[in-house]
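Okay, predicted coordinates and the sequence, questions at the end:
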Amino acid sequence: MTDSPDRIADKFAITEQLYRYCRSVDRLDVPLGHSVFHEDATADYGPTGFRGSGRAAIDWICKAHEHLLAHSHQVSNILIALDGDRAGSEAYVTATLRMAREGKVMQMEVWCRYCDRWSRRGGVWRIDHRDAVIDYDSIREVTPMHGHEWGTRDTHDPSYTALGASR
């Protein structure tokens with residue numbers, strides 16, 4: 001079955017929102033993260049994670065990431081099922097996070113899936129509910145090759161200049 005241009009545009013809009021979510025948690029950009037969730041959205045990050053409102057999940061994640069040295073979230077294998085102004089999606093995620101612990105640099109890796117329910121309200125696709133399903137994770141000591149201080153986890157990051165601070 002071939003998707004119509006409108007269905008392709010809807011899938012692209014949802015995919016862009018997934019990318020914005022990753023950018024928000026990597027840059028600790030709370031307003032950007034909030035914009036991915038409807039005001040009444042809910043989120044469940046599993047039994048060892050956060051459960052509550054979608055926007056409170058962004059607050060919780062960004063606060064938890066403040067002490068980390070760096071982090072990077074990638075999204076792949078995005079499947080989207082559209083049904084008018086509602087949709088469901090599954091996206092595979094790899095999150096790589098670095099932290100200092102007892103004088104060592106530790107790297108955490110999390111492989112999970114975002115299973116999201118979406119709705120389009122006022123012409124904008126946002127998440128109604130997220131189930132973040134962690135499939136597995138790991139932590140290990142690493143030896144960095146170089147110091148990488150050019151990128152920042154705020155609006156001073158070069159990406160904001162490149163994108164014109166657009167969200």
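Here it is on my side, so go on.

Can you dump the C-alpha atoms of stretch 29-46 in PDB for me?
Output of stretch 29-46 as PDB, limited to C-alpha atoms (Å, rounded to 0.1, in the frame of the first residue of the first chain):
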ATOM      1  CA  ASP A  29      15.900  21.900  26.900                       C
ATOM      2  CA  VAL A  30      12.800  21.500  29.100                       C
ATOM      3  CA  PRO A  31      10.500  23.800  27.000                       C
ATOM      4  CA  LEU A  32      11.400  21.800  23.900                       C
ATOM      5  CA  GLY A  33      10.700  18.500  25.700                       C
ATOM      6  CA  HIS A  34       7.400  19.800  27.000                       C
ATOM      7  CA  SER A  35       6.300  20.700  23.400                       C
ATOM      8  CA  VAL A  36       6.500  17.100  22.400                       C
ATOM      9  CA  PHE A  37       3.700  16.000  24.900                       C
ATOM     10  CA  HIS A  38       0.200  17.200  25.100                       C
ATOM     11  CA  GLU A  39      -0.600  19.000  28.400                       C
ATOM     12  CA  ASP A  40      -2.600  16.000  29.600                       C
ATOM     13  CA  ALA A  41      -0.200  13.300  28.300                       C
ATOM     14  CA  THR A  42       1.100  10.500  30.500                       C
ATOM     15  CA  ALA A  43       4.400   8.600  30.500                       C
ATOM     16  CA  ASP A  44       5.500   5.300  31.900                       C
ATOM     17  CA  TYR A  45       9.300   4.700  31.900                       C
ATOM     18  CA  GLY A  46       8.900   1.300  33.600                       C
END
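
average pLDDT across it?
Stretch 29-46 shows a mean pLDDT of 97.

So what touches it?
17, 20-21, 23-25, 50-59, 61-62, 119, 121, 126-134, 154-155, 167 (Cβ atoms under 8 Å, 6 or more residues apart in numbering). To be clear about C-beta, it is placed using only N, CA and C from the backbone, and glycine gets the same treatment.

what's next to stretch 86-101, contact-wise?
With Cβ under 8 Å, 6+ apart, stretch 86-101 has contacts from 10, 14, 18, 22, 65, 67-81, 105-120, 125, 132, 142.
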